[in-house]
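Asker: Kindly generate the corresponding structure for this input.
(one chain, ligands or ions: 1)
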Amino acid sequence: MKTIKTLLVANRGEIASRIFSTARRMGLGTVAVFSDADEHLPFVRHADVAVRIGPAPSAQSYLNAAALLRAATLTGADAVHPGYGFLSENAAFAQAVLAAGLTFVGPSPKSIAAMGTKREAKRLAVAHGLSVVPGFEGGDQSTTALSEQAMALTLPVIFKPSAGGGGKGMHVVHRAEELVVAIESAKREALRAFGDATLIGEKYLARPRHIEIQILADAHGNVTHLFERECSVQRRHQKVIEEAPAFTLSPKLRAAMSEAALTIARAISYVGAGTVEFLLDENENFYFCEMNTRLQVEHRVTERITGIDLVEEQIRLAQGEVLRVSASTLTPQGHAIECRLYAERPEAGFLPAAGEVLHLTLPRRPDTLIDCSIEAGSAVSTHYDPMLAKIVAHGATRELAIAELRASLRELTLLGVDHNGAFLEAVVSHPDFETNQVHIHWLESAAPRPPAQPSSLLLPSLALVVLHSRASSAHTAPSRPVVPHFRNNAFADAFVEIAQGDLRFRVQYQVCDSRTLSIRVAEQAQRFTFLRIDEERWSIEDALGLKRTAVVAVTNETYFVSLAGYTSTLRLLPRFQSSQSQQQAGGLIAPMPGKVISVHVSAGTQVTKGQTLMVLESMKMEQRIVAPKEGTVSQVAAREGAQVTAGQVLIRFGDDA
Ligand code: ADP
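Answerer: Residues are numbered from 1 along each chain as shown. Presented below is the predicted three-dimensional model:
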C-alpha cells in the first residue's frame, strides 16, 4: 500500500477547495494550481502551496498535462486528484500521472477509457444485458449519413458528442430541416470541447427522469453502491438541482438500478468512486446512459444522507485500502438537496454572465453546506464553467430539506454578477418540484419564472439608485451617517432615467432635507428617509414608517440593489440620450461576452426572420445570433475570431441607421 502525503488538485474553484478541506483533515499536504485568470480566487489560498500553470484559456492551463505534472514535481506532490471536468476523465492524463510515479486519485486509465466514449460505453452496457436508449452509433460520420440515420430512427433525435460530458454539445432535432445545421454545430462543439467530432444519435425521450447510482469499489474486488440521486431538474442538459434519495423511486426499481450499476462497475473492474447514470421513462423502464469515472458535482447530497466523505474514500481507495463501507449496513438519513448557483441569466435563456463580485453574503445555517468558488472582489470570467457555488440543504424529510434550501437561498446576497439565485428559489417553491412531478425537460418547458420584484419594492430601489448616483457624483465621504451632499433646496425638475432590463423609468426627484428624498415615477410618488449603516448597507424608511435594509453595489453606472430578498439590476442611463444616438447604437448586440466563431452573412444579404447570422462562443457554449425580422444586413460589425463584449453591436440592418 502506498501512502499519499501531498495531494495536488488539478482543478480550480469550489471543487479544489472542497478536496483541500478533506485532504487537510486527513493530514495531507495540499497543492493548488491556477491560471492567470484565477490568481486571486479563494481556492488558491486554500492550499499549502499554489503553482501558476499558464494563461487563462484552459487548453493552456487546466488541460495542460505537462504543466500540471511540472507543478507536482516542483512541489513534491505524490498524488493528483483531478476533481471533475477538465482532465478528470482523460485516460491519457491518468496514465501520464502514473508514469510520473504519482498516485492518481481515480480509476485506472483502462476503466476511464472503457467509459471514455458514449459509443463504447453503450456497447459495453448492452453486452452486459442492460437496456440503452435506442439510437445509432454513427459509423459513417458524414452529415448526410447522420441525417439519414436520424430520419430512419424517426425524429425527435438527440445528437451527442461520443467523447462528451457535462451536457455540452448536445443538439436535439425535432424537424428534418434543422438536421444539417444541428449536426454541423454539434460536430464543431464536440471537436472544440473534446477534441473529437464523433457523434452518436439517440431517440429523444419525452419526459424521462435522470436517476444515477453512486458506486465505490476497491482494488480487492469489493464494490458497493451508495444509493441513488435524482437530477431531473436540468437546463441545457446540465443539472441544476440534485437530490438524494430519489423521492418517487419504488424499492423494487431502486434495487434493480443499483444492481445494474454494480454490474457495470464490475464489468470494467472499477476502482474508486464513480457514477452510473440512467434515464427512467414514464413506464418505469430505465436505460443506461453513461458512467462517469470520477467524482460528481452532486456527490455532496450522497455524503449528507450517508455521512460518508466521498473524497476521503477516494483517497483511501487510491492508496489501495480495502473498501470500508457498504450499502447493506447503511440506512440513508433524511433528505438532501443541492442547487447549483450559476453566473447566468435565467430570463435570457440561461446565458452565462460575467463580472466582478461586488458583494457576497452566504447563508449561515447549520443544515446548509456551501461549496463556493468566489468572494467579494473575485472576477467571474467567461473562461470556465459558470458554476459559482453549490448550496446543499439537509432535512429529516424532503419537505424540510426544501424549506431549508429556500431559507438559505433567501439569505444569499450576491451583487455584481447576474446569477440564478432568485430563479432557484422559484424552482424549489414550485408545486411540481414540491411534489416531485418533474422530468429532465421540465425546467425549460414548465419554466418557473423568477418571482417578479414586488411592485412595492420598485420605488425604494429606484430611490436608492438616485441617492447613490448623487452620492458618487458629489464625491462625498462614504462614512457619514446621513446623505451629506443633499442640499435643502428643492430640485423641482431634477430627474434621471433608469433602466431595469427592457423597462425604462423616468424618475423625478426632490431633495427634502439632508436625509429625505421624494421621488415620482409615472403617477406614483413617495418619500423615503435614508440612514447609512455601513459601506454597502442602507436603512430605508418609507412614508408608512416601514424600515428595510438594502444592500447596494455599483459598477460602471450599473446598480445592484438587494431589498427584502430581491435583487434588482438597474442601469443609470446617460443624461441626455438622444433618440438619434440610440438608433445609431441599434442593431443586434452580443448578449454575452465571447468570441465570434462563424459569420453567415455579409453586408447586403437578405435574411428571413429566425435565420442564423452569426455564432458566438462563450464558456464553451455556442450561441446563435438570429435575425429578429426579415430585412437586409447593412453591416457586419464583428469579424470571425473577434472577441466581443456584452452589448457590443454585431450586425446592423438597413433600417437601423
Ligand atoms: P453528458 O455526458 O454530457 O452529461 P449524458 O448522456 O449523461 O451526457 O446526458 C446528459 C443529459 O442529457 C441527461 O441527463 C438528459 O437530460 C439528456 N439526455 C441524454 N440523452 C437523452 C435522450 N435520449 N433523450 C432525452 N434526453 C436525453
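
Asker: quick one: residue 61 and residue 86 touch, right?
Answerer: No: Residue 61 lies out of contact with residue 86 (Cβ atoms under 8 Å); the separation is 9.3 Å. The C-beta positions use only the backbone N, C-alpha and C, and glycine is treated the same way.

Asker: The two: which is more packed in?
Answerer: Applying other Cβ atoms under 10 Å to residue 61 and residue 86 shows that residue 61 carries more neighbours, namely 24 against 21.

Asker: how near is residue 612 to residue 623?
Answerer: Counting by Cβ to Cβ, to the nearest Å, the separation of residue 612 from residue 623 is 11 Å.

Asker: Give me the more crowded residue out of the two.
Answerer: residue 623 (19 against 15).

Asker: did I read that right, the more buried one in a strand?
Answerer: Yes: under DSSP: H, G, I helix; E, B strand; the rest coil, residue 623 falls within a strand.

Asker: who does it bridge with?
Answerer: residue 616 (DSSP bridges).

Asker: Verify the contact between it and residue 595 for me.
Answerer: No: the criterion here is Cβ under 8 Å, and residue 623 misses it with residue 595 at 10.5 Å.

Asker: what residues are shared contacts of the two?
Answerer: By Cβ atoms under 8 Å, 6 or more residues apart in numbering, residue 623 and residue 595 have these common neighbours: 616, 617.

Asker: Lowest mean pLDDT among the helices and strands, pick that one out for the protein.
Answerer: helix 579-584 (a mean of 30; mean pLDDT, DSSP states H and E).

Asker: in its sheet, what does the helix or strand just after that one sit against?
Answerer: Later in the chain than helix 579-584, the nearest helix or strand by DSSP states H and E is strand 588-589. If you go by DSSP bridges, strand 588-589 pairs up with strand 649-653 (antiparallel).

Asker: how far does the strand it pairs with sit from the chain's center?
Answerer: 29 Å (Cα atoms, centre = their mean, to the nearest Å).

Asker: Identify each buried residue in stretch 365-385, please.
Answerer: 367-374, 378-385 (16 or more other Cβ atoms under 10 Å).

Asker: Within range of the ligand, give me the residues from the protein.
Answerer: 133, 158, 160, 164-168, 170, 202-205, 208, 210, 234, 237, 277, 279, 289-290, 440 (Cβ under 6 Å from any ligand atom).

Asker: Return the members of those residues classed as buried.
Answerer: The buried subset of the residues of the chain next to the ligand - by 16+ other Cβ under 10 Å - is 133, 158, 160, 164-166, 168, 170, 202-205, 208, 210, 234, 237, 277, 279, 289-290, 440.

Asker: Please narrow those residues to those residing in helices.
Answerer: Of the positions in these, not one sits in helices, assigned by DSSP state H.

Asker: Which of those fall within strands?
Answerer: Among those, the residues falling in strands (DSSP state E) are 158, 160, 202, 203, 210, 234, 277, 279, 289, 290.

Asker: any idea how far the third one is from residue 533?
Answerer: Distance check for residue 202 against residue 533: by Cβ to Cβ, it reads 55 Å.

Asker: cool, the fourth one as well?
Answerer: Taken as Cβ to Cβ, the spacing of residue 203 relative to residue 533 amounts to 58 Å.

Asker: go on, the last one?
Answerer: Remark: distance between residue 290 and residue 533 (Cβ to Cβ) = 51 Å.

Asker: so how many other residues sit close to residue 643?
Answerer: For residue 643, using other Cβ under 10 Å, the count is 12.

Asker: what do you get for residue 324?
Answerer: Count around residue 324 with other Cβ under 10 Å applied: 14.

Asker: ok, it - contacts?
Answerer: If you count contacts by Cβ under 8 Å, 6+ apart, then residue 324 has 313, 316 around it.

Asker: same deal with residue 225?
Answerer: Counted by Cβ under 8 Å, 6+ apart, residue 225 has contacts 213, 214, 215, 216, 258, 261, 262, 327.

Asker: Return the subset of these lying in helices.
Answerer: Among the contacts of residue 225, DSSP H puts 258, 261, 262 in helices.

Asker: any idea how far the residue in the stretch 301-450 of the chain positioned nearest to the ligand lies from residue 76?
Answerer: Of all residues in the stretch 301-450 of the chain, residue 440 sits closest to the ligand, with a separation of 3.6 Å (Cβ to the nearest ligand atom). Remark: distance between residue 440 and residue 76 (Cβ to Cβ) = 45 Å.

Asker: Which residue is the nearest non-sequential neighbour of residue 16?
Answerer: residue 43 (4.1 Å; Cβ to Cβ, 6 or more residues apart in numbering).

Asker: Let me see the contact set for the closest residue to residue 248 other than its chain neighbours.
Answerer: Distances taken as Cβ to Cβ, 6+ apart put residue 436 closest to residue 248, at 5.3 Å, once the chain neighbours are dropped. Shown in contact with residue 436 (Cβ under 8 Å, 6+ apart): 230, 247, 248, 398.

Asker: That's all I had, so thanks and see you.
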